[in-house]
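Colleague: need a 3D model of the sequence below.
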Amino acid sequence: MLAFYTVYTLIRNHGVASGSGAEAFRHAEQVMGAQRLLGIAHEESIQDLFIGWKPFISFWNVFYGTAHFAVTVGALVYLFRRMPERYPMWRNTLASTTALALLGFALYPLMPPRLLPEGYGFVDTLRVVGGLWSFESGAVAKVSNPYAAMPSLHMAWAGWCALVLFPAFRRPWAKWAMTAYPLLTLFAVVVTANHYFVDAAGAAAVLASGFLLARAFTRRTDPGPTVGRRPAAVSVP
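Modeller: Next up, the predicted model:
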């Protein structure tokens, strides 16, 4: 998985996914226009409600930069150690979902809200408020592709974690936590102006497609009796 993510990162940041600023801005205008028609263009209003509370925004900057790695890796390790019969299927789902996201980055480079001109009203919270890192810091600025926004991989991975862990937990608080995690991630990507709501819809689409691809692939390569079945719940230590 580490090797896969390394290859994915190189392609995402240096390959066909880089796109041009003009094209990414044009796509952003398309997205915002579609959201206005749907009545869901509320990202800027949501950020306005909280932007004056710097400790709160700083927390979500840290959440945005760390949780999707930490929780996803934790879920993958837990899956491998505690539910090995489910591991091939959901490992393949994570891999295929991430690979499909590359198609979105390559075919539809999208300027996130934080990079739009000031007249649009969004604030780049990492630059203005700060967190553990910044897109403008030396190492990150050199490797990061700012237009890899559609779909939101944060949201795709959060949904994957919920699907992996929710049926495995018995305790109500753990189930509630896994239900809340994708919603908290959605709030994080919006309040930090890193994504539009439509990016989350794109994430759901690639996750569903990744699941279907993984199911077909796993049945061919690892045709065990538990593939595609719901396992018995296990207790959280």
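Colleague: need the pLDDT of residue 127.
Modeller: For residue 127, the model assigns a pLDDT of 88.
Colleague: cool, and residue 3?
Modeller: 71.
Colleague: mind telling me what element it is part of?
Modeller: helix 2-14 (DSSP states H and E).
Colleague: residue 220 versus the residue nearest the centre of the chain, what's the distance?
Modeller: Centroid-nearest residue in the chain, with Cα atoms, centre = their mean: residue 154, separated by 1.4 Å. Distance of residue 154 to residue 220, computed by Cβ to Cβ, to the nearest Å: 30 Å. Where C-beta positions appear, they are placed from N, C-alpha and C, glycine not excepted.
Colleague: what's the local residue count around residue 35?
Modeller: 16 (other Cβ atoms under 10 Å).
Colleague: shouldn't it be in contact with residue 200?
Modeller: No. Contact criterion Cβ atoms under 8 Å: residue 35 and residue 200 do not qualify, at 11.4 Å.
Colleague: following the lowest-mean-pLDDT helix or strand in the chain, which helix or strand comes up?
Modeller: Sorting the helices and strands of the chain by mean pLDDT, DSSP states H and E puts helix 138-143 at the bottom, at a mean of 45. Helices and strands here follow DSSP H and E; after helix 138-143, the next one along the chain is helix 153-165.
Colleague: contacts for that following helix, please.
Modeller: Outside helix 153-165, the residues that touch it by Cβ atoms under 8 Å, 6 or more residues apart in numbering are 64, 68, 71-72, 75, 78-79, 86, 90, 93-94, 97-98, 101, 174, 178-179, 181-182, 185-186, 188-189, 194-195, 199-200, 203-204, 206-207, 210-211.
Colleague: stretch 61-69 too?
Modeller: By Cβ under 8 Å, 6+ apart, stretch 61-69 touches 125-126, 129-133, 153-154, 157-158, 184-185, 188-189, 192, 194.
Colleague: tell me the buried residues in that stretch?
Modeller: 61, 62, 63, 64, 65, 67, 68 (16 or more other Cβ atoms under 10 Å).
Colleague: how near is the last one to residue 189?
Modeller: What it means is residue 68. Distance, residue 68 to residue 189, by Cβ to Cβ: 9 Å.
Colleague: same deal with residue 40?
Modeller: In terms of Cβ to Cβ, residue 40 sits 14 Å off from residue 189.
Colleague: one more: residue 156?
Modeller: 11 Å.
Colleague: show me the shaky parts of the protein.
Modeller: 1, 4-5, 7-19, 131-144, 223-237 (pLDDT under 70).
Colleague: how about the helices of it, start to end?
Modeller: Taking DSSP state H as the criterion, the chain contains helices spanning 2-14, 21-38, 43-50, 54-82, 87-107, 125-128, 138-143, 153-165, 172-191, 197-221.
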